[in-house]
Each structure stands twice: as structure tokens, then as C-alpha cells.
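>>> need a 3D model of the sequence below.
(chains A and B)
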Amino acid sequence: MTTLGVTRTTLLKDLRMEWRSKDAINSMLFFALLVVVIFSFAFNPTAEESRRIAGGLIWVAFLFAAVVALNQTWARELRNQVLDAYRVSPAPPNALFLAKAIGNFFFVVVLEALMAPLFVVFYDLRSVGPVWQLIVVALLGTWALVVNGTFFAALSIRTRSREIMLPLILFPISIPALLAMVDATTSILTGEASPDFWIKMLAVYDVVFTAVCLLLFESVLNAE
Amino acid sequence: MKSLFIAFVVFTLGLLAFSTYQALFVAPTEQTMGEVQRIFYYHVPSAWTAGVCFFVNFLASVVYLWKRNLASDALAAASAEVGVTFCTIVLITGPIWARPVWGIWWTWDARLTTTLVLWLIYVSYLVLRRFSAGGQTQVLAAALAIFGFVDVPIVYMSIRWFRTQHPSPVMGGGENSGLDPAMLHAFFWNLLAFTCVGIVLMAVRYRLQMLEETVEATHAAAALQGGAQ
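Below you'll find the predicted structure:
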């Protein structure tokens, strides 16, 4: 099987399992909803203020929710030694990684699409800048979180207390990406500054860390 | 080898005493900042040593993924721990100096923030080492070390942009507006002394790590022979 074939098969398998169980998306959705509600109690912003802080709130909520899904990425492959079977098979490791990353990307994008209207309603958001730029930021930013998150989930699955390990190693590395997402979103919402630098920066972050992930995943998968 | 190491430790201690004397008594007192400026002789050499340690950590991690030898993993572990220690010193001495000079303990300036993020990344590296099981630790840690090292320039770039766009609350400028030769003299002695201290600590920690590996391997071998103690 080629890399593309393995990626497609694994991805379709994951999407089908998620479609039938809806484990990841339901827990993410409910978690993100809770964060949104708690934030709006905690800050109680006016429309003008909320436009200024919404970038931060949205991305922190999505980051926390994404961790919920990322933690489940590899867990189901541990049952019945699927991961070990994969390891001894001749299938390329990076195909498995890409399938998992794309699957997570898809879940988080669906989450964002469902949550965005809620943010608009709860925080009375109206964008001053062009909305299509927000979509670009969301896609690039989500990939930045998810590609590293999928990789670090594969790391943390091999540690004790694995659920808590993922955010501990993912958050420090993700700080520049998070800063870029938050600042780009705020610049677009307020229309006060150009988000161009941050969008370029996210693209660079995505390319660099996708390359590092693909370079190192085989070693991590085969770590004994 | 051992006597060479002891000689180096003695040399380092002598150097440290001399450089401390230079920093506290020989170097002239700074005109506007006063005595508090002398923290500079500890702050900057610590930052330099931390940087060297993290660089060693990166190289050792790459070598480990390539050669899979225990020695480079032990070096990676040792350099990360010593690096975090010196980075902590930087983060503590910085605010002590900033409070009287800038009037604030902390500002989200590019260098400060990058140092803090660097510290967070390597602390998470140490946590990962502590929490991962058995033989997997080395590979997982090496992978994370490479991620951390790649991340640092990106962090610096993004924070610099972040701060050039927004007004900075910093009152005074940096300390780099040309040093008095006497200060430079004291500074270089301290730079040398701190680098040597870093090397000594790394060497001790490396030796300890190697001993731990040997003890574990011996226990494993004894258990395999059925004579576990």
C-alpha cells in the first residue's frame, strides 16, 4: 500500500468510528460550551470590550477543547495492540501520523464551525475586518495546534498519567502559534491592525512543525 | 581522568572567587543605577551558560536519535537540568534588577518573554523525562528537545513583533550602551567562571546519570538470571 492509500484508509476508519460513536466531538463541544459560559460570567464584557478580548477567549476555549480530542487520538489504537500490529506491518509510519493529524484537524474544524455562532451570540461579536481572513487564521491555527498535538499525544500515551502530560508538553511549544492566532483574530475583529504578519507567521509555524513531526514520528512510534 | 576533573573543579572554584571579587570590588559602580547594576555580572553570564546548556541538549538529542547511545542521552539529561537551573537564576536576578531600575518587576518584552518560554519548554522536557517509562524515555525526550529548540527562534520573532506593535511599558533602555573597560573586564571573568561552573555541574550530573544507567542495567541482568536482590 502506498502512503496515500494507508493515510486514506486510516483516516476513513477514524472518521467512520467517530461518526458512529461521536465520542470526541461531543466531549469537545460540551467542554467548549462550558468554557464559553464560564468566560462570559468571569468577564461579563460589553460589545466593544468583547471584540477586543474575543480573540483570546475563542482560542483558549478551542485549545482546551482540542486537548480533549487529542488525548483520545491514540487511546483506541492501544486496545487489541493495534499500534504494535501497525509497527510490525510494512505500512509507512508517517501515513498513520498524517491520517491521525488530518482526522483531528477535521474534528476541531467542525467544532469551531459549530461554536463560532455561539460566540457571536454570547459576546455580541461583529467583525470590523474581512471575515474570510478569520477563516484563513482558523484553518492555519487549527493545523498548528493539531499537528503538534497529535505528535505529543503519541509521546504522552507512553508516559504515566498520560492525560495530564499532553497539555504540559503541548502548551509551551504552542505559545507562538497561540499568540499569532489571538493577535490575528483581534486585529481582524477590531480592524485596527493588519493581520498579515501573523498569518505568515502561522504558515511558517505550520510548515516548520509539520516537517519536524514527519521527521521524528517514526522514531517515536518505534520507541521501546 | 578523575584527577584531571578534580583539578578542573579547583580551577573553577578559584576562578569563581576571583571573578566575584572583580564584580563586587574592582568593577566601578555604575553612575545612574548604583550598586544594583552589579547583578549584571551574574545575570548575563547565567543566561549565556543556560544558552550553552540548551544548545548542548539539542546537539546531544540529535546525536542520540542518530546513534542511539546512552552517553548522549545522559548528556542531554544533564545539560537540560543544568540549563534550567541557570535559566531560573536569570529569571530571578532579572526582576531584582528591573524593580529599582525600570520601576517594575516584569515586562512582556521580547527577551524576557523568550527566556520565560524557554524555561517553560525545558521544564516540560524534565517533566516528560520524569513521567515516561523505562526505555522509551530517551527517544521521547530527544524528540521533545528538538521541538523545543526549533520553537525558540519562532518565539523570539513573534514576541518581538508583538512588542514593536504595542507601546512598551519599559522606562529605561537596555544595558548595552557600551561598557566601561573595567566593567567589561569583570564581566568577562564572570562569563568564564560561570561557563566553567556550568561545565562542572554538567559533568557531575552526566556521571551520575551514567551510574544510574549502569545500576539499572545490572539490576535487570541480575533479574534475568533469576538472582534478583
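
>>> what's the closest non-adjacent residue to A:V37?
A:F122 (7.7 Å; CB to CB, 6 or more residues apart in numbering or on different chains). The C-beta positions use only the backbone N, C-alpha and C, and glycine is treated the same way.

>>> buried residues, stretch A:45-60. List them.
A:45, A:50-51, A:53-59 (16 or more other CB atoms under 10 Å in any protein chain shown).

>>> what does it contact?
Stretch A:45-60 is contacted by residues A:35-36, A:39, A:43, A:115, A:119, A:123-126, A:128, A:141, A:178, A:181-186, A:189-190 when judged by CB atoms under 8 Å, 6 or more residues apart in numbering or on different chains.

>>> just those residues that are near chain B?
Applying CB under 8 Å from any CB of the partner chain, the subset of those adjacent to chain B comprises A:D183.

>>> list buried residues within the contacts of stretch A:45-60.
Among the contacts of stretch A:45-60, those classed as buried by 16+ other CB under 10 Å are A:35-36, A:39, A:115, A:119, A:123, A:125, A:141, A:178, A:181-186, A:189-190.

>>> helix, strand, or coil at B:C196?
Put simply, B:C196 is helix when judged by DSSP: H, G, I helix; E, B strand; the rest coil.

>>> is it true that it touches B:G14?
No - taking contacts as CB atoms under 8 Å, B:C196 lies outside contact range of B:G14: 9.9 Å.

>>> hmm, the helix or strand bottoming out on mean pLDDT in chain B touching chain A?
Across the helices and strands of chain B, mean confidence by mean pLDDT, DSSP states H and E is lowest for helix B:137-165: a mean of 83. Yes - applying CB under 8 Å from any CB, one finds helix B:137-165 touching chain A at B:139-140, B:142-144, B:146-148, B:150-151, B:154-155, B:157-159, B:161-162, B:165.

>>> leaving out chain neighbours, which residue sits closest to A:L118?
In space, and not counting its chain neighbours, A:L118 is closest to A:V36: 6.1 Å by CB to CB, 6+ apart.

>>> what of A:A99?
Spatial nearest neighbour of A:A99, excluding adjacent residues (CB to CB, 6+ apart): A:T10 at 3.6 Å.

>>> burial of the one you found, as a residue count?
Other residues lying near A:T10 total 21 when counted by other CB atoms under 10 Å in any protein chain shown.

>>> just the pLDDT for it.
Note for A:T10: predicted pLDDT of 87.

>>> can you say which of the residues of helix B:137-165 next to chain A are buried?
Among those, the ones that count as buried by 16+ other CB under 10 Å are B:139-140, B:142-144, B:146-148, B:150-151, B:154-155, B:157-159, B:161-162.

>>> for residue 96, what are its contacts?
You didn't say which chain, so I picked chain A. A:6-7, A:10, A:86, A:221.

>>> sorry, should have said chain B
When contacts are counted by CB under 8 Å, 6+ apart, B:I96 touches B:36, B:39.

>>> and B:L224, by the same measure?
No contacts exist for B:L224 under CB under 8 Å, 6+ apart.

>>> show the pLDDT at it.
pLDDT, B:L224: 87.

>>> are the helix or strand bottoming out on mean pLDDT in chain A and chain B in contact anywhere?
When each helix and strand of chain A is scored by mean pLDDT, DSSP H and E, helix A:75-78 comes last, with a mean of 82. No - using CB under 8 Å from any CB, helix A:75-78 stays clear of chain B, with a minimum separation of 13.6 Å.

>>> ok, and for that helix, which residues are buried?
A:E77.

>>> over to stretch A:131-140?
Those would be A:133-134, A:136-138, A:140, for stretch A:131-140 by 16+ other CB under 10 Å.

>>> measure the residue lying closest to A:T210 once chain neighbours are set aside to B:T114 for me?
Distances taken as CB to CB, 6+ apart place A:V147 nearest to A:T210, at 5.3 Å, with adjacent residues excluded. Noted for A:V147: a distance of 22 Å to B:T114, by CB to CB, to the nearest Å.

>>> more neighbours: which of those two?
Legend: neighbour count by other CB under 10 Å for A:V147 and B:T114, higher for A:V147 (26 against 20).

>>> need the contact list for the more buried one.
By CB under 8 Å, 6+ apart, the contact set of A:V147 is A:101, A:105, A:206, A:209-210, A:213.
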